[in-house]
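**Student:** Dropping a prediction and its sequence here:
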Amino acid sequence: MDLPKLSFYELKSLRMYAKQNGFVIGVDLASRVFQICYADLKTGQLVNRSISRSEFENMITDSQFGKCVFGIEACGQCNFWGRFINENGHICRVIPPANISSFGNLRDKSDSIDAVKIFKATFSPSVPESILKDEAAQALATLFAHRAMLMKARIQLENSFRSASYEMGFISARGLEAILQSSKELLSQLDSQHKRRSFKAYKLISTDCYTIIRCIREKIDKIDLFLKKFAMNNRMCKHFMTIDGVGPIVAAALYSAMNGNPKMFKNGRKFAGFLGLVPKVTGTGGKIIVTCVRKGGATHYKQLVYIAAVALISRFRRTKATEESSLLKKLDKAKIKRKIVLSVANRISRIAWALAYYDMDFDIEKCKFLS
């Protein structure tokens, strides 16, 4: 297939970008076979070919083009390759997939086409970049993702066993001890009624569910203990914990979301948008509509900040709220209280960014965001 040449304006933009930063190479990452794309700066002819993993490593360590700017798509291994590229004296641009799709034909897709899209997006200065995590921040983020999966599995198993008990006439409360008590009562009843076939099946179910749930809870407790120790020994997390409702685990989550560097975000609003705590704005014909909060964002961190907001509002209603409180009036009148909780979570994230950026503790006299 004959590769097209860059247009006059694309080639002019590429030459200006390469003169200031370095030779531009677009890379479509994969597990074993990578697709690279670059252009001849004289003619604008595109070069698009596939290379192996070892050849790509040699290209980075012994580049024949001198200093290069590698453009890669944000994916599972982008952080590893981004660190490897930067360590060898090059520049790496990690571009979100949503900002790459507009640089080519949306109907066709292949490795070579994706490499051309990534290449064109790399030397476009207006295309935003994703945050490149270091090894420690990536490990902490992976730990939070692992914790979220364990929490989900535990809840699924508890609900499954509670539904099985419910079908046999037992209503079990939430929690591991309540499930254990319900299973004992169920097995005792089945044994007394001489329902041996049902007894064996439900004994196997209760034993397996209880063992797995207990094991998952132990793993979650170990992760929480590690996160608490991390937060207690980290200066930035100590600043976060001065905010009402923010504990060690939420503080560690905020630290991980910032990658330990608040300067990666322009302001607190950008950080709240990264978490996914901002509403979606849409509209046409001059009519702008502010709708619900997006489902995307950093979901693991957003859930924890949301829980912190719920805890903060609950504590406020119990201890500090008065009849003249504007927040209490809104909570009593609001049809959807979730909007107010999300607004408080948004405020917590923005305050956390400010505390990290200015290296200070929270002062309730300067910021009374609950009143």
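**Tutor:** Okay, I see it. No experiment lies behind these values; they were computed from the predicted model shown. Numbering: from 1, shown residues only.

**Student:** Got the domain ranges for this structure?
**Tutor:** According to automatic domain parsing, the chain is divided into the following domains: 8-122, 135-232, 235-358.

**Student:** What are the boundaries of the strands in the stretch 151-300 of the chain?
**Tutor:** Counting by DSSP state E, counting those that start in this stretch, the stretch 151-300 of the chain has strands at residues 279-284, 287-293.

**Student:** what ranges do the helices span in the stretch 1-150 of the chain?
**Tutor:** Remark: helices assigned in the stretch 1-150 of the chain by DSSP state H, counting those that start in this stretch are 8-20, 53-61, 78-87, 111-122, 135-167.

**Student:** circling back to that earlier point, which one of the domains of the chain lies closest to K366?
**Tutor:** Checking the domains of the chain against K366 by Cβ to Cβ gives domain 235-358 as the closest, at 10.0 Å. Where you see a C-beta, it was placed from the backbone N, CA and C, and this is true even at glycine.

**Student:** As TSV, the domains of the chain with distance to I364 and mean neighbour count would be great.
**Tutor:** Supplementary listing: these in TSV, determined by distance: least, Cβ to Cβ, whole Å; neighbours: other Cβ atoms under 10 Å:
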stretch	distance to I364	mean neighbour count
domain 8-122	37	17
domain 135-232	21	15
domain 235-358	8	17
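
**Student:** about what we covered before: want to throw the strands of the stretch 151-300 of the chain into CSV with mean pLDDT and distance to N267?
**Tutor:** Output for the strands of the stretch 151-300 of the chain, formatted as CSV (pLDDT from 0 to 100; distance: least, Cβ to Cβ, whole Å):
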stretch, mean pLDDT, distance to N267
strand 279-284, 79, 17
strand 287-293, 77, 19
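
**Student:** any weak-confidence spans in the protein?
**Tutor:** Across the chain, the ranges flagged by pLDDT under 70 are 1-3, 106, 190-191, 193-199, 320-329, 331-336, 369-371.

**Student:** list the contacts for D359?
**Tutor:** By Cβ atoms under 8 Å, 6 or more residues apart in numbering, the contact set of D359 is 235, 239.

**Student:** Let's see that with 10 Å instead.
**Tutor:** By Cβ atoms under 10 Å, 6 or more residues apart in numbering, the contact list for D359 reads 235-236, 239, 262.

**Student:** out of those, what pair is the most spread apart?
**Tutor:** Spatial extent of the contacts of D359 (Cβ to Cβ) is set by the pair R235 and P262 at 12.4 Å.

**Student:** what sits in contact with each of these two?
**Tutor:** With Cβ under 10 Å, 6+ apart as the test, R235 and P262 both reach 255, 356, 359.

**Student:** Which ones among those lie within helices?
**Tutor:** Residues of the shared contacts of R235 and P262 located in helices (DSSP state H): 255, 356.

**Student:** Kindly indicate which of the shared contacts of R235 and P262 lies nearest I213.
**Tutor:** Nearest member of these to I213, counting by Cβ to Cβ, is Y255, at 29.6 Å.

**Student:** Can you tell me how far the closest one is from V246?
**Tutor:** Y255 sits 11 Å away from V246, going by Cβ to Cβ, to the nearest Å.

**Student:** Give the residues shared as contacts by those two.
**Tutor:** Here Y255 and V246 have 231, 237, 239-240, 352 as joint contacts, going by Cβ under 10 Å, 6+ apart.

**Student:** could you point out the longest helix in this structure?
**Tutor:** helix 196-232.

**Student:** just checking, what packs against it?
**Tutor:** helix 135-167, helix 176-192, helix 235-240, helix 248-257 (3 or more Cβ pairs under 10 Å, 6 or more residues apart in numbering; DSSP states H and E).
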